[in-house]
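> A structural model of the following input is requested.
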Amino acid sequence: MNFASQGMQQKFPFPYDEVFDGLCVVIPKSGFKLKSADKVIGRISASTGISLFSYGENLTIIVEKLDGETIVGIESTLKVGLNFAGGHRHQENFNKIIESLSKHLQSA
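The predicted structure follows:
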């Protein structure tokens, strides 16, 4: 298992534009810093700050159209790669973004 970097994917039954725009809304609301967003290529960069167990994480989010649905892929990478105590942060980042986005899309 690689503690420095992990990824995941989630499919959403919503159009690409709604999912991409929703991510740009929920990322800052979820405590992440939105660094860049390029809707044309479907790429969002975000980061977290320092916490008790980590020097922070960089997140790359790829949004892809797929037959009327949208796939969101997230990769979370520790800013300091040899921080074993921060390895659990990846799943927390994934859960926070996916749950926030799902709630946002369902309430729109």
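> Next, residue 40: phi, psi?
Dihedral angles of residue 40 (phi, psi; degrees, to the nearest 10) stand at phi -60, psi -40.
> okay, now it: neighbour count?
5 (other C-beta atoms under 10 Å). Where you see a C-beta, it was placed from the backbone N, CA and C, and this is true even at glycine.
> tell me the pLDDT at it?
Note on residue 40: pLDDT of 97.
> what separates it from residue 7, distance-wise?
Residue 40 sits 22 Å away from residue 7, taking C-beta to C-beta, to the nearest Å as the criterion.
> Point out the other helices and strands that the one helix or strand residue 101 maps to packs with.
Assessed by DSSP states H and E, residue 101 sits inside helix 89-107. Contacts defined by 3 or more C-beta pairs under 8 Å, 6 or more residues apart in numbering; DSSP states H and E place helix 89-107 against strand 5-12, helix 16-29, strand 57-66, strand 69-78.
> JSON lines please, covering these and showing mean pLDDT.
Formatted as JSON lines, those follow (pLDDT from 0 to 100):
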{"stretch": "strand 5-12", "mean pLDDT": "88"}
{"stretch": "helix 16-29", "mean pLDDT": "98"}
{"stretch": "strand 57-66", "mean pLDDT": "95"}
{"stretch": "strand 69-78", "mean pLDDT": "92"}
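> Make CSV from those and add mean neighbour count and distance to residue 101 to it.
CSV is the format used below for the helices and strands packed on helix 89-107 (neighbours: other C-beta atoms under 10 Å; distance: least, C-beta to C-beta, whole Å):
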stretch, mean neighbour count, distance to residue 101
strand 5-12, 15, 7
helix 16-29, 18, 5
strand 57-66, 18, 10
strand 69-78, 20, 7
